[in-house]
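# Please work out how this folds:
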Amino acid sequence: MKINKNGFFQAFGVFVYCTLIGLFMGNANSLFGDLGLPFGPIFVLLLFSTSALVCAAIVFYKPYRVFVDGKKKEALDIVISTAVWLAIFLLFFFIALFIFK
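Below is the predicted model:
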């Protein structure tokens with residue numbers, strides 16, 4: 001049961017982080033105006049790279065620590081649990097989009 005909780009909290013962390021970044025990007029024009037070339041694409045690529053790093057840290061730090069402690073199966077179970085919970089969050093998000101649109 002502990003592994004499922006780890007997966008849930010990691011997936012929830014990614015969901016919250018993506019929500020915050022999505023809200024930020026949705027309001028970026030009103031915050032910064034039109035950045036234009038080359039600043040707009042550079043900003044987006046830097047934000048994308050940073051987001052990939054943050055999400056990887058959220059998802060893989062705990063399994064990495066467990067793996068280093070010699071519990072390879074438990075580490076894999078955490079990663080799989082996180083992936084399943086992320087898919088569940090995605091499904092609920094799609095359902096909410098259609099209900100509230």
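# Low-confidence bits of this structure, can you list those?
1-3 (pLDDT under 70).
# what residues are up against the residue nearest the centre of the chain?
Among the residues of the chain, the one closest to the centroid is residue 14, at 2.9 Å (Cα atoms, centre = their mean). Taking Cβ atoms under 8 Å, 6 or more residues apart in numbering, we find residue 14 in contact with 55, 58, 59, 82, 86. Just so you know, the C-beta spots here come from the backbone N, C-alpha and C atoms, and that holds for glycine as well.
# now with 7 Å?
Residue 14 makes contact with 55, 58, 59, 86, according to Cβ atoms under 7 Å, 6 or more residues apart in numbering.
# Tell me how far it lies from residue 30.
Between residue 14 and residue 30 the computed distance is 26 Å (Cβ to Cβ, to the nearest Å).
# So what's the residue count around residue 8?
17 (other Cβ atoms under 10 Å).
# right, and it touches residue 86 too?
No - under the criterion of Cβ atoms under 7 Å, residue 8 is not in contact with residue 86, lying 9.9 Å apart.
# on that earlier part again, next, the buried residues of the host helix or strand of the residue nearest to the centre of the chain.
For residue 14, the enclosing helix or strand under DSSP states H and E is helix 2-26. Residues 3, 6, 7, 8, 10, 11, 13, 14, 15, 18, 21 are the ones in helix 2-26 that count as buried (16 or more other Cβ atoms under 10 Å).
# Please convert those residues to JSON lines, extending it with distance to residue 99.
Listed next are these as JSON lines, based on distance: Cβ to Cβ, whole Å:
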{"residue": "3", "distance to residue 99": "31"}
{"residue": "6", "distance to residue 99": "30"}
{"residue": "7", "distance to residue 99": "26"}
{"residue": "8", "distance to residue 99": "23"}
{"residue": "10", "distance to residue 99": "26"}
{"residue": "11", "distance to residue 99": "21"}
{"residue": "13", "distance to residue 99": "25"}
{"residue": "14", "distance to residue 99": "22"}
{"residue": "15", "distance to residue 99": "18"}
{"residue": "18", "distance to residue 99": "20"}
{"residue": "21", "distance to residue 99": "23"}
